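Participant: pasting a predicted model and its sequence here:
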Amino acid sequence: MQVILKIGFMTSISSGKSTLLMVAMGIVLCLNFDLSAQDWESISTPVSTNLILYEMSFPAGQSDVGYTGGSSVTYNGKGKILKTTDQGSIWEVIYESDVNGTGVSSIFFQTTDHGFAGTQGGNLMTTTDGGANWDVADIDPVNDQGDIIDIEFYDALNGVCATQYGGIYYTADGGASWTVGINSFIAQDIAYADATTLFAVGNGQKIYKSTDGGVNWTLNYDGPGFFEVALGVHFSDSNNGLVTSEEGAVFVTHDGGATWNNYTVANQFGLMRGAWVFNENDMYATGTPGQVYKTVDGGVNWTEDSQVNPNPSYYKILFTDNGTGFVCGSGSMGGTILRKLPAMVLSANLDGTTDVSCNGDADGAIQVTVSGGTPPYTFAWSNGADTEDVTGLVAGEYTCMITDADGSITLGPITISEPPAIGASFMVVDESVAGANDGSIDLTVTGGTAPYIYSWSNGVNTEDLENLPDGTYCVTVTDGNFCEYTGCFTVMAGPNSIEKIDGLTGLAVSPNPVGAQDLMVDMQFSGVKDLEIRLVNTLGQEFYHLSLEGVTHVQAQIGMAAFPAGIYWLHITSTSDRQQVVKRVVKR
């Protein structure tokens, strides 16, 4: 019995799942599990002879290390203590004695190393190294207290123990010294309801209560069975408690002992020893002959929860921090240990994502691992996929509803990203004079994923090109994800001469400087000409282009209002002989 745990229990009616909230020495743990999902299993011990395991203890804050103690016979037996470090799967004997009266009748561990064990001979054994070594002492050298029936601690200092003859003792110094609290009542079991409130049960189905940590006790409830014994008690909090007794009798309180309700476990006519309370509705009890009972309505109705072996006697029941249940009892081959593993609630873990490699592609992926719940699982992704992992994804957000036999959870949203599209800005400088081979292309790449690799059609692998003759140049840019961009750029041939076109008889460019109005270009030729008119800025960026064939007189009107202020060059080229006239234009 782990009274060091103050337990609150919340149940969702729609799913049958439960949340166990445990507070121990300032530590809060919140665990989700389904109490009804797993069956009780029998765990073997290394002992091959008769053994009665009276008590079991798992220190708070963990569920791996636990202890159980017992005796070879009911009275004046030889003691053994067993230990597990793997959540009850394997138990080893860490203490055994061939001396009568050393049978272990109670055990409690405050931590995984520091614990107490009471014997049938009235000694209190203490260990600080996980049971490797034990110190033995008599809690009351003056009086014969007999069997130490139960030991409970609320924290490292404050504890109580029930004895066969001497009544109930309490300690406020971690067990270094013990003082009698009440010697007129033989308690069979004790439970903390909070730091100072305790309940003790025993002969005559009497329930005693202490509100000062075990120093003083008063009769809280006098049960109907004068000749019957109350054997087990447990409280989940200061209000909700359960007492188990003989002939299937149980007593339940929801108001801290102000009132007790008397119920009976059907078809149970033996000794009801173990008690465990989760909340006002969910409780467990164990009995003789060996059976585990469960109620979900506060003790009104009880159902059998185990079918492992009804022959031995079950003494105590407890649940560890992670919701694993244990029962200890008697058995001809090393006692009886039952375990009920919790089924963890359905959960999903996002293992990883793969973003889209190239803008607009569909090669993203999401990897998920699902555990717990009750398989098989079904998957419903927001894009229509029905597999655990999804591939071939475009950029965007995705969710997945995962369903098992008991319910469903939703994973997401999960974002799949993509890099920006690869683009390029450029500046082309034409040849200054035909044949000068001094053209250039200044390329600036944006987007994609660096680094970039350049492959020009002229075999050059640099970002920019220089010393170019006229012609068209194409480039393929490959980024770090092997995404590609392709673009082509034309370097125009330079003129054969400047300020000279044969047959040009008149040229007027006005107004110059020019503001928001149109720029007028008026040309007169003595013969027919094929012409090209271009307006470019000082960076070589083209703002106006006009091609004409078979003309003798040209009047071109160039809208300048939208062009930025600056210096522009007006190129008038005879396309047949590449003669050219260039005029400087100022835009205000």
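Facilitator: The structure has been received and is ready for your questions.
Participant: what's the local residue count around T505?
Facilitator: 11 (other C-beta atoms under 10 Å). All C-beta spots, glycine's among them, are computed from the backbone N, C-alpha and C.
Participant: swap in T446?
Facilitator: Considering only other C-beta under 10 Å, T446 is surrounded by 11 other residues.
Participant: ignoring the adjacent residues along the chain, who's closest to it?
Facilitator: Setting aside the residues directly before and after it, T446 is nearest to G423 in space (C-beta to C-beta, 6 or more residues apart in numbering), at 5.0 Å.
Participant: tell me the phi and psi of that neighbour?
Facilitator: For G423, the backbone dihedrals are phi -140, psi 180 (criterion: degrees, to the nearest 10).
Participant: so how far is T128 from it?
Facilitator: 72 Å (C-beta to C-beta, to the nearest Å).
Participant: quick one, what contacts the residue nearest to T446?
Facilitator: Shown in contact with G423 (C-beta atoms under 8 Å, 6 or more residues apart in numbering): V445, T446, G447, Y485.
Participant: correct me, but E280 touches N239?
Facilitator: Yes. Using C-beta atoms under 8 Å, E280 is in contact with N239, at 7.5 Å.
Participant: which residues are in contact with both of these two?
Facilitator: Joint contacts of E280 and N239 (C-beta under 8 Å, 6+ apart) are H254.
Participant: what average pLDDT does the top strand by length along the chain get?
Facilitator: Ranked by residue count under DSSP state E, the longest strand found in the chain is strand 518-537. Averaging pLDDT along strand 518-537 gives 93.
Participant: partner strands of that strand and their direction?
Facilitator: Using DSSP bridges, the strands paired with strand 518-537 are strand 504-510 (antiparallel), strand 542-559 (antiparallel), strand 566-574 (antiparallel).
Participant: ok so, going back, distance of the residue nearest to T446 relative to G559?
Facilitator: G423 is 28 Å from G559, by C-beta to C-beta.
Participant: ditto for T264
Facilitator: 102 Å.
Participant: ditto for S371
Facilitator: On the measure of C-beta to C-beta, S371 and G559 end up 69 Å apart.
Participant: how about N203?
Facilitator: N203 is 111 Å from G559, by C-beta to C-beta.
Participant: now the helices for the stretch 401-550 of the chain?
Facilitator: All residues of the stretch 401-550 of the chain lie outside helices when identified by DSSP state H, counting those that start in this stretch.
Participant: contact partners for V47?
Facilitator: Per C-beta under 8 Å, 6+ apart, neighbours of V47: K80, L82, V93, M333, G334, G335.
Participant: quick one: buried ones out of those residues?
Facilitator: K80, L82, G334, G335 (16 or more other C-beta atoms under 10 Å).
Participant: where in this structure is pLDDT low?
Facilitator: 1-38, 307-311, 434, 495-499 (pLDDT under 70).
Participant: correct me if wrong: T391 contacts A365.
Facilitator: Yes. Look at T391 against A365 with C-beta under 8 Å: they come within range, at 4.4 Å.
Participant: hmm, I533 is touching V509, no?
Facilitator: No. Using C-beta under 8 Å, I533 makes no contact with V509, being 10.7 Å away.
Participant: now the common contact residues for these two.
Facilitator: V521, L570.
Participant: for the most centrally placed residue in the chain, which residues are in contact?
Facilitator: Nearest to the geometric centre of the chain sits N349, at 7.2 Å (C-alpha atoms, centre = their mean). N349 makes contact with V368, T369, V370, S371 under the criterion C-beta under 8 Å, 6+ apart.
Participant: then Q62?
Facilitator: Going by C-beta under 8 Å, 6+ apart, the list of residues near Q62 reads T112, T320, D321.
Participant: neighbour-wise, which one of those residues leads?
Facilitator: Most surrounded of those: other C-beta under 10 Å gives T320, at 27 neighbours.
Participant: next, that residue: phi, psi?
Facilitator: Torsion angles, degrees, to the nearest 10, at T320: phi -80, psi -180.
Participant: next one: S184
Facilitator: Here is the backbone geometry of S184 (degrees, to the nearest 10): phi -100, psi 0.
Participant: neighbours around it, how many?
Facilitator: Neighbour tally, S184, other C-beta under 10 Å: 8.
Participant: shouldn't it be in contact with G166?
Facilitator: No. Contact between S184 and G166 fails when scored by C-beta under 8 Å: they sit 10.6 Å apart.
Participant: quick check: G550 touching F525?
Facilitator: No. Look at G550 against F525 with C-beta under 8 Å: they stay out of range, at 10.6 Å.
Participant: which one's more surrounded, these two?
Facilitator: F525 (19 against 8).
Participant: contacting residues around the more buried one?
Facilitator: Per C-beta under 8 Å, 6+ apart, neighbours of F525: I501, G503, L504, T505, V551, T552, H553.
Participant: kindly report the same for G334.
Facilitator: Applying C-beta under 8 Å, 6+ apart, the residues near G334 are S44, T45, P46, V47, S48, T49, L51.
Participant: swap in Q268?
Facilitator: E247, G248, G287, Q291, Y293, W302.
Participant: what kind of secondary structure is it in?
Facilitator: Following DSSP: H, G, I helix; E, B strand; the rest coil, we place Q268 in the coil state.
Participant: test my guess that A132 contacts I94.
Facilitator: Yes. Using C-beta under 8 Å, A132 is in contact with I94, at 7.1 Å.
Participant: of the two, who's got more company?
Facilitator: Neighbours per residue (other C-beta under 10 Å) separate A132 from I94, with I94 holding more: 16 against 11.
Participant: strands paired with whichever helix or strand the more buried one is part of, and their directions?
Facilitator: Per DSSP states H and E: I94 is located in strand 92-96. According to DSSP bridges, strand 92-96 forms sheet pairs with strand 79-84 (antiparallel).
Participant: how about the residue of the chain most remote from its centre: what's its closest non-neighbour residue?
Facilitator: Counting by C-alpha atoms, centre = their mean, the extreme residue of the chain relative to its mean C-alpha position is S526, 87.3 Å from that point. Closest residue in space to S526, ignoring its immediate chain neighbours: G503 at 4.4 Å, by C-beta to C-beta, 6+ apart.
Participant: number of nearby residues for that neighbour?
Facilitator: 13.
Participant: then D144?
Facilitator: Applying other C-beta under 10 Å, I find that D144 has 12 neighbouring residues.
Participant: and stretch 276-292, C-alpha only, in CSV?
Facilitator: What follows is stretch 276-292, C-alpha atoms only, in CSV (Å, rounded to 0.1, in the frame of the first residue of the first chain):
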residue,chain,number,x,y,z
TRP,A,276,-7.3,0.7,-3.5
VAL,A,277,-9.2,3.8,-4.4
PHE,A,278,-8.7,6.0,-7.5
ASN,A,279,-11.6,8.4,-7.0
GLU,A,280,-15.2,8.4,-5.8
ASN,A,281,-16.2,5.8,-8.4
ASP,A,282,-13.3,3.6,-9.3
MET,A,283,-12.0,1.2,-6.7
TYR,A,284,-10.3,-2.2,-6.3
ALA,A,285,-10.5,-4.9,-3.6
THR,A,286,-8.9,-8.3,-3.1
GLY,A,287,-10.1,-11.3,-1.2
THR,A,288,-9.8,-14.9,0.0
PRO,A,289,-10.2,-17.1,-1.9
GLY,A,290,-8.0,-15.2,-4.3
GLN,A,291,-9.9,-12.8,-6.4
VAL,A,292,-9.6,-9.2,-7.6
